[in-house]
Every structure is written in structure tokens, then in C-alpha cells.
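A.B. asks: My questions are about this predicted structure, shown below with the sequence.
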Amino acid sequence: MCASYVAEARFGSHAVAWAADLCIAVGLRSENGRVISWCARNPGQVQLSSPVASRRRSVLAEKRLMATTRSSRKRKESSAAQDLTQSKLEPGASSRKVQKKPQRGGNNKGHASSALSAGAKKAELESKRYFLFKSEGQTRMENGVDMKFSIDDLESSPDKTTHWDGVRNYQARNTMRTMKMGDLAFFYHSNVATPGIVGIVRVVKEAYADHTQFDATDAHYDPKSTVENPRWEMVDVQFVRRMRRLISLRELQQNAESNRSGAIAGMQLVKKGQRLSVQQVDSDAWNEVMELETSQE
């Protein structure tokens, strides 16, 4: 017997639609299309006392289940996305979420990117360190050894690289100890008719023990220094390029005299009594010297 007929007989016409819908919900049909009543065969399991309320409760329960499922799926997707983002962060980087402010008047991504790029460039420039190396550009014999080492000698060295040995001044040594890979330095010719800056070199190896201090046949031998406790150190430098023109010491001194507030005026090189073979150059002075290079072209 169909559940709709059972419902009509027991509870009236209002229950017919509910009974038919219930049977359709469980998906049981006869071959001739009539609904087979699961309700009729299991009357004890069907609450027919209030069919309309029961159906509404069933629909509400189904909606709550679907909402719970969607919420759970969204939480899982959000957690997976956060884990993926965290895995891409560098070690030690913060994974704190940053709330995006609503954009007004267009897209601000371009401005943010430009600001970040400018900030990175500024930080890079500020982190750079500059120096100056003095070297004798003409022959001078000392204990049978020629002390000359010019920009030509550096450029013709293997891989255009050499170790800067022979420094025997503690202040100059300490300056070399501060040098880092990639730092740039001016190559300065001393002991020539017109001393001045002739090229640029790059530090390619940081400070380590100067081997000439242990060599008794070398002009820079130091009998007080030992392998266990070396007193002197050196760095390796590589040729970068020649200056487009000689920046003479006299030109630098004249610039310092005419512009006492300029960065060149603060260079150790132009100060009287300063004969250090290795000197630090601040970034402003470096930039002013580079401007001088092209000022007469």
C-alpha cells in the first residue's frame, strides 16, 4: 500500500503530500511508477503525529549540515593557504598577517613597489663601504727588491687579482680588517711625478695573515711575528677599471680648499701629515670624486 493512502486514511488529506515526499526522498519506486511506501512497511519509525513540522525540521537539519560542511572546507583551505605562505617565507621572517587597507582612487600597488625598490636601493648604497689603496707607480729598490706595483701590474696579474701585502702600519692594517667582499677602493699612484687616483679595485678576499712577514728574504719581514700569532694581515683585490682621467692629488686639494664643507675636504688623503697607505673613504666623498672624473669631459 502506498504511504500516501495510509497517511490519508489515518491523518487526512494534509498528510498525503508529506508521505509522498518522504517516499520520494528515500528513492523507492515501483515498476509502474507508483511510490512504494517505506513508511507503510515501517510505521513505527515514522513520526506522523506532526508531518509538516517533521519535514521542516528535516530540511533545517540538512541546511545546517551543508553550512557546517562548507565552513569546515573553507577553514581547511585557509589553513592550507597559510601553510603554503609560511613555507615560502625566509627563515626567521614574520608570518603575521597584514591587513590590507582599502584602496581609494585606483591601484596603489605600483606606488608601493616603487617605494620598496627605492628603499632597497638606498639601503644598498648606505651599506657599501669604500677605501683607497696607495701603491708606488715607479721603481724604487729596497733591500734589493723593487717596491713598484702600478695599475698596469695589477691589470696584468693572473685574473687581474693580487694580495695587498706589505702593510706595516697598525692603523692601515686595522682598516683592512674592516673590509668585506665586494667593497670598492680607489687605486692611488704614489712616488710618481703626478700622484693621484688612477683606477678602481674590488675586495675579493677578506683579511688574512700576510705571508711576507714570515719570509726572512722579503723586504717586509718581521722577526717578531710568528705563525701562531701573526701581527700583519692583507686582503686580495681585483682590477675593476681605470679612471677615465687622472684625478690628481693637487686637484683634490684644490677642491677641498674651495669647498671646505664638501665631502672631499674630509678625506684623509688631502689632510696634511696623512701618509697611510690604506684609507677609508666615505660614500659622499666617493661620489664627489666620481663626479670629478667626468667634470672635464
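C.D. replies: Thanks, I have the structure now.
A.B. asks: Next SSE downstream of the host helix or strand of His189?
C.D. replies: Here His189 sits within strand 184-190, counting by DSSP states H and E. Next in sequence after strand 184-190, counting helices and strands by DSSP H and E, comes strand 196-209.
A.B. asks: Which SSE is immediately downstream of that next one?
C.D. replies: strand 233-248.
A.B. asks: For Asp284, which three-state class applies?
C.D. replies: helix (DSSP: H, G, I helix; E, B strand; the rest coil).
A.B. asks: State the distance from it to Asp153.
C.D. replies: For Asp284, the distance to Asp153 (Cβ to Cβ, to the nearest Å) stands at 31 Å. For the C-beta atoms, the positions are set from N, CA and C on the backbone; glycine is no exception.
A.B. asks: Same question for the helix or strand harbouring Ala256: list its buried residues.
C.D. replies: Element membership of Ala256, judged by DSSP H and E, is helix 249-258. Using 16 or more other Cβ atoms under 10 Å as the test for burial, helix 249-258 gives 249, 251-253, 255-256.
A.B. asks: how many other residues sit next to the nearest residue to Val227 once chain neighbours are set aside?
C.D. replies: In this structure, Val227 finds its nearest non-sequential neighbour in Phe214, 6.3 Å apart by Cβ to Cβ, 6 or more residues apart in numbering. Applying other Cβ atoms under 10 Å, we find 16 residues neighbouring Phe214.
A.B. asks: And the nearest residue to Tyr221 once chain neighbours are set aside, what's its pLDDT?
C.D. replies: Once flanking residues are discounted, Tyr221 sits nearest to Asp215: 5.7 Å by Cβ to Cβ, 6+ apart. pLDDT for Asp215: 94.
A.B. asks: got it, and Ser94?
C.D. replies: 41.
A.B. asks: and what of Ala185?
C.D. replies: 98.
A.B. asks: Now do the strand holding His189 against strand 233-248, angle only.
C.D. replies: 70 degrees (axes from the mean of the first three to the mean of the last three Cα atoms, to 10 degrees).
A.B. asks: Note down every partner strand of strand 184-190 and its orientation.
C.D. replies: Strand 184-190 has the following sheet partners, assigned by DSSP bridges: strand 130-136 (parallel), strand 196-209 (antiparallel).
A.B. asks: mean confidence score for the first one?
C.D. replies: Going back to what we said before, that points to strand 130-136. The average pLDDT for strand 130-136 rounds to 98.
A.B. asks: swap in the longest one?
C.D. replies: Strand 196-209 shows an average pLDDT of 98 in the prediction.
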